[in-house]
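J.: from the sequence below, what's the structure:
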Amino acid sequence: MDVLIGHPLTYARELRGWSQTDLVARMRKAAASRPEGLRTGADKTAVSRWENWRKTPSAESQLLIAEAFGVPLVDFDIYPWPHWLPGRADPLPLGSAFTVRALREAQRASMERRNFMVFSAVALSGLSAQWASLEPDRLTSSLDGRPVDAERADWLETTAAALTSLPTERRQHTVKLMDAHLDTVTDLLEGGRYPQHLGLRLHALAARLASTCGWYRFDQGKHHAAGVYWNAALTNAHAADDRDAGAGVLADYAYQSIWVGRPQAAVDPLTHALARTSHPTARSLLHLRRARAYAAAGARAECYRDLTAAETAITTDASTPPPSWCSWMSPADLSVDAGQCLLDLGNAPEARARIDEGLALLPVSRDKTRGVFLLSQGRSFLKSGEIEQAAAVAAQSLDLAERIGADRCVALVRDMAPDFSPYRSEAGVGELLERLRTA
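T.: Numbering: from 1, shown residues only. The predicted model follows:
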């Protein structure tokens, strides 16, 4: 069974098949074996509080947890709680030496079941700072490899464009084709012989493919694999000196961090991305994502500042088209995400108006986005006590998520079940809860 999003301590326990009681027993055993006779002060209730982010274990308890899991003391000393726990994953650094390795790591990650793990806030901050400050190396290729010509590069780019431009509902069935295409590009980068200009094209193509493959995994709720694919995308975009594409990957990381309930981890990547991209559409989206992070963290002033910047940027004329990663950004996205910010900050009436406005503006073709927007609308209905309407839009969002294979959106509707439970007698609620029970 896949491990659901939660605390790294929960994930570490699941890796070993331990219950909370098992962990307590191992902590007590570790305490009894120490000459100073440490007392754990731990029970199942304490573990539950740690795993629900309500309390941080004391230094003594952390030491006993480390001993229970067999964590080396060097990790315990270097990384803050809870990032030293087993299963911690760090991204590969940028640089030409890591471009192919990052792509191979992504291929391996897609076969794993470590769905919980996302890169820590510390790791994302370091990676984004490196991206903002490090200039790309000169590319090299295999001296005795098979030559790669412009015609092959053209075909690879055309095929990739066809795959990535498919409607959302059809793309869920092309994951294997996309993976195979990325594998072909990776093989050429690793063993091909090509001039500098073709190498730049291959790395840029690998970045686009890896980014899309990461989104497939993200939609499937495979957050660890998504992060590793995006690490490969960022490494290759940097090698290709494509700053706009790199900014897009940092925006993806930020969106994931907000989605899994870690908004503070989104701030640094977005700040670094804003420092190295200039297109107004890209800047609008980056400011909007940072506003969402600030709102989720309760930082009202910072949120409103970024919402104002996002609104200013989206209305700014540009002499060039927006980068492909944000070409879909529109006033509809701005309205709904601004509404979600207002909802997080407790302004439900204005939030409702902005969310309704965004849904009215959204093109019919963007089903996945509509499903997410409907969930925001459903939460606004719940906030105002309009239960029947909330159940109706939640059911509509669930229909869309199941049809397009967006497991993360199904999970988000499922997470609303406790909010609906007290209203089983309201029209549509009982039917929705029954669907969610088996979803």
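J.: which residues of the stretch 151-300 of the chain fall in strands?
T.: 192-193 (DSSP state E, counting those that start in this stretch).
J.: quick one: the helices in it?
T.: 168-171, 175-191, 196-219, 223-239, 243-259, 264-275, 280-296, 300-314 (DSSP state H, counting those that start in this stretch).
J.: with residue 216 as the reference, measure out to residue 288.
T.: 23 Å (Cβ to Cβ, to the nearest Å). (C-beta placed from N, C-alpha, C; glycine too.)
J.: among the helices of the stretch 151-300 of the chain, show me which one is buried the most.
T.: For the helices of the stretch 151-300 of the chain, the largest average neighbour count (mean count of other Cβ atoms under 10 Å) is found in helix 223-239, namely a mean of 29.
J.: so where's the protein uncertain?
T.: Along the chain, the parts satisfying pLDDT under 70 run over 1-6, 35-40, 74-76, 78-79, 87-89, 112-117, 167-172, 439.
J.: burial of residue 7, as a residue count?
T.: Using other Cβ atoms under 10 Å, residue 7 has 17 neighbouring residues.
J.: quick one: it and residue 82 touch, right?
T.: Yes - with contact defined as Cβ atoms under 8 Å, residue 7 counts as touching residue 82 (6.8 Å).
J.: how about stretch 123-139: buried residues?
T.: 123-128, 130-132, 136, 139 (16 or more other Cβ atoms under 10 Å).
J.: quick one: contacts for residue 41?
T.: Going by Cβ atoms under 8 Å, 6 or more residues apart in numbering, residue 41 touches 58, 60-61.
J.: ok, 7 Å please
T.: residue 61 (Cβ atoms under 7 Å, 6 or more residues apart in numbering).
J.: ok, residue 333 next?
T.: Counting by Cβ under 7 Å, 6+ apart, residue 333 touches residue 358.
J.: and residue 424, by the same measure?
T.: Residue 424 neighbours (Cβ under 7 Å, 6+ apart): 430, 433.
J.: for the remainder of this discussion, apply numbering that starts at 19.
T.: Understood, numbering begins at 19; the last thing we discussed is residue 442.
J.: list phi and psi for it.
T.: phi -60, psi -30 (degrees, to the nearest 10).
J.: do the same with residue 165
T.: phi -70, psi 140.
J.: count of residues packed around it?
T.: Counted with other Cβ under 10 Å, residues neighbouring residue 165 total 12.
J.: quick one, what contacts it?
T.: residue 211 are the contacts of residue 165 under Cβ under 7 Å, 6+ apart.
J.: what's across from it in the sheet?
T.: Beta-bridge pairing for residue 165 (DSSP bridges): residue 211.
J.: how near is it to residue 332?
T.: 45 Å.
J.: now do residue 239
T.: For residue 239, the distance to residue 332 - Cβ to Cβ - is 30 Å.
J.: now do residue 119
T.: 38 Å.
J.: also residue 172?
T.: 34 Å.
J.: quick one: the helices in the stretch 19-168 of the chain?
T.: Using DSSP H, counting those that start in this stretch, helices in the stretch 19-168 of the chain cover 26-34, 38-50, 62-69, 77-87, 91-96, 117-127, 139-151, 168-182.
J.: quick one: distance of the first one to the chain centre.
T.: By that I understand helix 26-34. Its chain's average C-alpha position is 20 Å from that of helix 26-34, according to Cα atoms, centre = their mean, to the nearest Å.
J.: and the buried residues of stretch 141-157 as TSV, adding distance to residue 418?
T.: Supplementary listing: the buried residues of stretch 141-157 in TSV, determined by distance: Cβ to Cβ, whole Å:
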residue	distance to residue 418
141	33
142	30
143	34
144	37
145	33
146	32
148	38
149	34
150	36
154	40
157	42
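J.: from memory residue 75 sits against residue 67, does it?
T.: No - using Cβ atoms under 7 Å as the test, residue 75 is too far from residue 67 to be in contact (9.0 Å).
J.: neighbour count: those two, which is higher?
T.: Taking neighbours as other Cβ under 10 Å, residue 75 and residue 67 compare with residue 75 leading, 21 against 13.
J.: contacts only, for the closest residue to the more buried one other than its chain neighbours.
T.: Leaving out its chain neighbours, the residue that sits closest to residue 75 by Cβ to Cβ, 6 or more residues apart in numbering is residue 68, at 5.5 Å. Contact partners of residue 68, counting by Cβ under 7 Å, 6+ apart, are 25, 27, 75.
J.: now do residue 150
T.: 290, 293-294.
J.: once you drop chain neighbours, what's closest to it?
T.: For residue 150, the spatially nearest residue (Cβ to Cβ, 6+ apart) is residue 290, at 4.1 Å.
J.: settle this for me: that neighbour is touching residue 149, isn't it.
T.: Yes - if you go by Cβ under 7 Å, residue 290 and residue 149 touch, sitting 6.5 Å apart.
J.: mutual contacts of residue 75 and residue 67, please.
T.: With Cβ under 7 Å, 6+ apart, residue 75 and residue 67 have no common neighbours.
J.: quick one, what contacts the residue nearest to residue 150?
T.: 146-147, 149-150, 268.
J.: farthest pair within those residues?
T.: Maximum pairwise distance in the contacts of residue 290, criterion Cβ to Cβ, is 10.6 Å, between 147 and 268.
J.: tell me the spacing between the residue most central in space within the chain and residue 311.
T.: In the chain, the centroid-proximal residue (Cα atoms, centre = their mean) is residue 274; its distance is 2.0 Å. According to Cβ to Cβ, residue 274 stands 11 Å off from residue 311.
J.: again, but for residue 52
T.: 41 Å.
J.: what helix or strand is residue 411 located in?
T.: Here residue 411, judged by DSSP states H and E, is contained in helix 405-422.
J.: so which bits of the helix or strand that that helix is followed by are buried?
T.: Sequence order places helix 425-432 as the next helix or strand after helix 405-422, per DSSP H and E. Of all the residues in helix 425-432, those buried under the rule 16+ other Cβ under 10 Å are 425-428, 430-432.
J.: gap between the nearest residue to residue 292 once chain neighbours are set aside and residue 289?
T.: Among residues not flanking residue 292 along the chain, residue 304 sits closest, at 5.1 Å (Cβ to Cβ, 6+ apart). For residue 304, the distance to residue 289 equals 9 Å [Cβ to Cβ].
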